[in-house]
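Asker: Test case, fold it:
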Amino acid sequence: MLKITQELLSSLKQKNTEPAVMQSQLKAILSCGNKTDAAALLDYYLANPSDNHTDYMLEIFSKWGDAEFAQKIFNSRIADNKLVDEDAPEMLELLGQLKFELVKPVLIHYAFSESSDHYLHKYAVLGLLHFNCDELAELIEQKIEETIGKNLFAEFIPALVCKLKQPEALLARLFESGRDYCSTDCNAGIIVGFSLCGEVGKTYLYEVLFDESWEADATATGTAYFTYRGLINQQISLVNLAQLVITQEDERKQKQGLQVMFSMLNIRVNDYTENVIDTFQDIYVKLFEWGSDLRLFNLAEKYELTDTFYQLFKLVEIKLNEEMILKSVK
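Answerer: This next block holds a predicted model:
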């Protein structure tokens, strides 16, 4: 077990944990730990169901968790096919990621319930995305239809469009609805749906990146985060996205694409999962190193985003150093 894991558990038990410090400790564990660290944190998680800090650990369990982890979490957090504590729904997505079949009825219940709780819907749908949903096709189509032309709705229901065998017609309508009607506070599920629908979905995702009406760069609404996840789902690298921005001829679209690009880089800086596509060496050499064919500085200057460019330049330099250190110790 890592020393940092022992320090984290000690501070948790002494109730003197500072959230920002804890998150940094967990990032270190994600980078350098193993299943032993995850198991030790799981023991604390299971023994302290009312500790709000434990939700930060779910990324650790997603990385190293297995059927045994899932069974223990399910037994601790689910009773009578419902959450023991509905104020802590994040583990619904985790159990989906671990493909724990017993949680599927729970996910269905919360994904399609009439509850107005945004987070119950959100994490239930995100968990359900990891299961076969053929038997739910009619219900999924009906629920997605109910979102078309609406400003606000259960935000993540449209993500389930990827579970339909022929989603093409609905994808076109979802794009129009997301562009013309949907609040940018409520469009993340549509973007996730595009990202999980193969090549036909990729076409719409590309449109989203360069259309300011989607505000795919907005971090406050969560749209940027799920756009970033969408890029990973479609295996679109940030270097390739930069090339698309540079070659975009429509200046309005180019500016929006550049803002999205910079927003995605900001999120990449804090991504410690194994799902990343670009290394920081790739990003630095191809996007920030002077003389690079894909240098973004001129575009940043053109659209008065040089401060953002330089902030990202320094962050990427720091992350490049961190990446090299991790390479040397692993």
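
Asker: so Cys32 makes contact with Ser328?
Answerer: No. Proximity of Cys32 to Ser328 does not meet the contact threshold set by C-beta atoms under 8 Å, at 11.8 Å. Any C-beta I mention is one placed from the backbone N, CA and C, and that applies to glycine too.

Asker: For those two, indicate the residue with more neighbours.
Answerer: Cys32 (14 against 7; other C-beta atoms under 10 Å).

Asker: and the more buried one, what does it touch?
Answerer: With contact set as C-beta atoms under 8 Å, 6 or more residues apart in numbering, Cys32 has these partners: 2, 4, 326, 329-330.

Asker: per-residue pLDDT, it?
Answerer: Looking at Cys32, its pLDDT stands at 93.

Asker: okay, now Leu244: neighbour count?
Answerer: Residues near Leu244, counting by other C-beta under 10 Å, number 16.

Asker: and it, that one's in a strand?
Answerer: No. According to DSSP: H, G, I helix; E, B strand; the rest coil, Leu244 belongs to no strand; its state is helix.

Asker: Which strand or helix spans the closest residue to it other than its chain neighbours?
Answerer: Spatial nearest neighbour of Leu244, excluding adjacent residues (C-beta to C-beta, 6 or more residues apart in numbering): Gly257 at 6.7 Å. Assigned by DSSP states H and E, Gly257 falls within helix 251-269.

Asker: same for that helix, what does it pack against?
Answerer: helix 198-210, helix 223-233, helix 238-247, helix 297-302, helix 306-329 (3 or more C-beta pairs under 8 Å, 6 or more residues apart in numbering; DSSP states H and E).

Asker: Which residue ranges of the stretch 51-200 of the chain form strands?
Answerer: 78-79, 82-83 (DSSP state E, counting those that start in this stretch).

Asker: In a markdown table, list those strands along with mean pLDDT, mean neighbour count and distance to Leu95.
Answerer: What follows is the strands of the stretch 51-200 of the chain, written out as a markdown table (pLDDT from 0 to 100; neighbours: other C-beta atoms under 10 Å; distance: least, C-beta to C-beta, whole Å):
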| stretch | mean pLDDT | mean neighbour count | distance to Leu95 |
| --- | --- | --- | --- |
| strand 78-79 | 96 | 14 | 8 |
| strand 82-83 | 94 | 16 | 11 |
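
Asker: Out of the ones you listed, the one nearest Gly189 is which?
Answerer: The closest of the strands of the stretch 51-200 of the chain to Gly189 is strand 82-83. By C-beta to C-beta, the value is 20.6 Å.

Asker: That closest one pairs with which strands, and in what direction?
Answerer: Sheet pairing of strand 82-83 (DSSP bridges) gives strand 78-79 (antiparallel).

Asker: quick one on the thing from earlier: would you list the buried entries among the contacts of Cys32?
Answerer: 2, 4 (16 or more other C-beta atoms under 10 Å).
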